Each structure stands twice: as structure tokens, then as C-alpha cells.
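**Q** okay, predicted coordinates and the sequence, questions at the end:
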There are 2 protein chains.
Amino acid sequence: MGLRMTRERELIVAEVDSFDGHFEPDELLDRMRRKNIRVSRASIYRTLPLLVECGAIKEAVYKDRKTRYERLIGRDHHDHMVCTECGGVIEFVSDEIERLQEAVCKRHGFGIAGHTLEIRGVCRDCSEGKTGASSAGRGNTNSDARS
Amino acid sequence: MGLRMTRERELIVAEVDSFDGHFEPDELLDRMRRKNIRVSRASIYRTLPLLVECGAIKEAVYKDRKTRYERLIGRDHHDHMVCTECGGVIEFVSDEIERLQEAVCKRHGFGIAGHTLEIRGVCRDCSEGKTGASSAGRGNTNSDARS
DNA sequence: GTATTATTGCGACAGAGTCTCAGTTGCCAT
DNA sequence: ATGGCAACTGAGACTCTGTCGCAATAATAC
Ligand SMILES: [Zn+2]
Ligand SMILES: [Zn+2]
Ligand SMILES: [Zn+2]
Ligand SMILES: [Zn+2]
């Protein structure tokens, strides 16, 4: 049969909606625990893939081999530059790149459902020697207007 | 002191060089076991990251939360379209996209070290109803000339 | 040839994510 | 509103990829 809207799922969705940026399942769990919102780890791990299927969130940057999610609803599509020094993430959009992707896929008869573009490298601050400028760098997200 | 060229590392490099396409560490191990080449799992897991640092291979598509590698030496850079139906992988290159990425990064003062572009969707065969055309699709790689 | 020290292999370990199963609860039909 | 049932939850055991510690080994430097 169909899915059911349970109390737990409402709580999880609410929590996901309550902030921007990237998160990992266990991170979400901790956040909820600290707020005294009781939901089991299993439920979180079971719900997030459902939200991906609904298009509410998507898997984003992988770090260490942990799945990271990112809210989609209420946010524009963007891609990522990840600094290998400080771990910082710059979000960016290039309409031209998006258009070219569509063109390439069309040529292959490939129907796009989504994509992930992740550029690895060294951000300006780190390369200018402001070592650890962005500090110990626990994935601070440096949002950015479309280019 | 520096690194050492050991018998084990030679064997691993030889095995990696012996085929194109993507592979996972344990896959490589099995392959070698079957050929009666004895190298410990730990050595493989320790060597592959070194090869990444040398630029001989790189981490490619993640699948299930397993690290997948791909040989770089002797192959041109390319990106991936992954079919969500059959699991097939189409490799492609768009020089324009590559160029645009450089432009965007330059604008951000971001020094590119590498990138991963993975487009998810449905390939031609699957969308034309040739369901399972590419068969049970365990990641068959459909190489392709530059577009 | 000997000293030095990186590397190997093994098995123990770590941690993200999955599975099982009994108990619960949303949902639909009556 | 009530009952029935399948979907869901929570707890913990489990799986599986990847890492670590340590004693034995072997590649390099002298
Ligand atoms: Zn994009
Ligand atoms: Zn983002
Ligand atoms: Zn590329
Ligand atoms: Zn490839």
C-alpha cells in the first residue's frame, strides 16, 4: 500500500526544513536529540531515502564515505567546490554548464534526472596562506549568488 | 624517508594497469586471488590511496558507499552518465564544460585539483522500453568517443 | 654485510548503514 | 466509532567497508 504520514516523519521533515546547508543522518539525529525530539536512528535512516525519492532532499557531497544530504525544496539548484585544505564548500551555479549538460545528454538519448558536479581543489583563502583561515573547517558552507 | 617499491606494490600496480573501467578495492583483491597473486587486503587498501596521490588512479563514482577507483594513466579524462534503470555507465567528455568549470573557478580564486561530474537518469535503451536491454546491468561501462 | 625503517600480513577494531522482529499506529472500510 | 491490517517504529544485533596495532620481513643507505 502507500506511504503513511506518521508523527516521526513529520518531525524529521520539520527538522530538515529548519535549516539550510548539508547534513548527515547522525548529525540530524543529534540535533533532534538535543532538542529533546525523540526519533530512532533507524527511522531517520529509513526516512531520508524516502525524502530523496520525493525530491525534497538529495544526496550531496560525500565526505569520508558518509552520505550527506541537502535540502532541495525552497532552494535553487547549485553545484559544489570543495576545498581539500579547510573542508569549506562553495556553492555555485553556472547556467551555461547546466545547458551544456542537457545538450550532451540529448545527443546520447539520455534522460536527465539529476546530476552532481563537485570540483575539488584549494580555495582562495587557503592558497593565499591564510592557513586554516576558515578555521578547523568543519564543512562551513560558503553560499554564493549565481555566477 | 621515502616510499619503497615493494613486490606487493608492483603486483598491485600491474593488476590495476591490466584493465580499463572502474573497480573497488575488494574487487581488485578477488581478481588477484583468482590469479593466485597473494597480496593482503590491508596492502591493497594502503596502496590505492598512494596511487591516487601519484595521479595513477582516481576515486570515481561512489556506489553503495564503496570507494570506486578508475585508472587515469593512459586514459583521457571523462565524466559519467549513470542509468538508474540498468546501472549502465556512459563515459563522455565535453571540452566546453571543462572550460567553463575552469572559468567559474578562476572567478572564485579556486585552484582546481580535479572534479567529478555525474549525471543520473535513464539511458536510451531503457527509455525505449528495451527493458533490461543492457541486462541485469552490473555497471557495464559504455565507453564513448568525445562528443 | 649491517643498520635502519618502511612495509607486510593478520586479526582486532571502528563506524556507517541495514535488518529483524515484536509491538504500535495510521488508514480505510464498514 | 470500531475493527482489521499493513505500514511503521524502536532497540539492538548484524554486515560490510575501511583502518589500526604490532610483530615479522625486506627494501634501501652506508
Ligand atoms: Zn549543476
Ligand atoms: Zn550545497
Ligand atoms: Zn569533466
Ligand atoms: Zn569512467
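**A** Right, received. Where do you want to start? Numbering: from 1, shown residues only, chains lettered A, B, ... in the order given. Ligands and ions are numbered 1, 2, ... in the order given.
**Q** quick one: stretch A:81-96 near chain B?
**A** Yes: residues of stretch A:81-96 contacting chain B under Cβ under 8 Å from any Cβ of the partner chain: A:81, A:83-84, A:90, A:92, A:94, A:96. Where C-beta positions appear, they are placed from N, C-alpha and C, glycine not excepted.
**Q** mind putting those residues into a markdown table with pLDDT, distance to residue A:12 and neighbour count?
**A** Converted to a markdown table, these look like this (pLDDT from 0 to 100; distance: Cβ to Cβ, whole Å; neighbours: other Cβ atoms under 10 Å in any protein chain shown):
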| residue | pLDDT | distance to residue A:12 | neighbour count |
| --- | --- | --- | --- |
| A:81 | 93 | 29 | 26 |
| A:83 | 87 | 30 | 26 |
| A:84 | 80 | 32 | 14 |
| A:90 | 92 | 28 | 23 |
| A:92 | 96 | 29 | 23 |
| A:94 | 97 | 33 | 19 |
| A:96 | 97 | 37 | 15 |
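**Q** residues in contact with residue A:110?
**A** Taking Cβ atoms under 8 Å, 6 or more residues apart in numbering or on different chains, we find residue A:110 in contact with B:81, B:83, B:90, B:119, B:121-124.
**Q** and for residue A:113?
**A** Under the criterion of Cβ under 8 Å, 6+ apart, the neighbours of residue A:113 are B:84, B:120-122.
**Q** filter those residues down to the buried ones.
**A** For the contacts of residue A:113, a burial check counting by 16 or more other Cβ atoms under 10 Å in any protein chain shown picks out B:120-122.
**Q** select from these every entry located in strands.
**A** Mapping these onto strands (DSSP state E) picks out B:120-122.
**Q** now residue A:100: how far from DNA strand D?
**A** 31 Å (Cβ to the nearest atom of the strand, to the nearest Å).
**Q** please name the nearest non-neighbouring residue to that residue.
**A** In space, and not counting its chain neighbours, residue A:100 is closest to residue B:97: 5.0 Å by Cβ to Cβ, 6 or more residues apart in numbering or on different chains.
**Q** is that neighbour in a helix, a strand, or coil?
**A** helix (DSSP: H, G, I helix; E, B strand; the rest coil).
**Q** keep the buried ones among the contacts of residue A:113, but drop any that are not near DNA strand D.
**A** When the buried ones among the contacts of residue A:113 are filtered against DNA strand D using Cβ under 7 Å from any atom of the strand, no residues are retained.
**Q** nearest to ligand 2, of these?
**A** residue B:120 (16.5 Å; Cβ to the ion).
**Q** and the gap between the residue in chain A that DNA strand C sits nearest to and ligand 2?
**A** Among all residues of chain A, residue A:67 sits closest to DNA strand C, at 3.2 Å; criterion: Cβ to the nearest atom of the strand. Remark: distance between residue A:67 and ligand 2 (Cβ to the ion, to the nearest Å) = 14 Å.
**Q** the closest residue in space to that residue that isn't next to it in sequence pairs with what?
**A** Once flanking residues are discounted, residue A:67 sits nearest to residue A:59: 5.9 Å by Cβ to Cβ, 6+ apart. Judged by DSSP bridges, the bridge partners of residue A:59 are residue A:69.
**Q** quick check, residue A:59 in contact with residue A:72.
**A** No: between residue A:59 and residue A:72 there is no contact under Cβ atoms under 8 Å: 10.6 Å.
**Q** so, low pLDDT: which residues of chain A?
**A** A:1, A:130-147 (pLDDT under 70).
**Q** residue A:124 and residue A:83, how far apart?
**A** 9 Å (Cβ to Cβ, to the nearest Å).
**Q** no, scratch that, I was asking about residue A:19
**A** On the measure of Cβ to Cβ, residue A:19 and residue A:83 end up 22 Å apart.
**Q** kindly report the same for residue A:23.
**A** 19 Å.
**Q** can you check residue A:40 too?
**A** From residue A:40 to residue A:83 the distance is 35 Å (Cβ to Cβ).
**Q** got it, and residue A:30?
**A** Applying Cβ to Cβ to residue A:30 and residue A:83 gives a distance of 25 Å.
**Q** please apply the same query to residue A:21.
**A** 16 Å.
**Q** sec struct for residue A:46, please.
**A** If you use three-state DSSP, then residue A:46 falls in the helix class.
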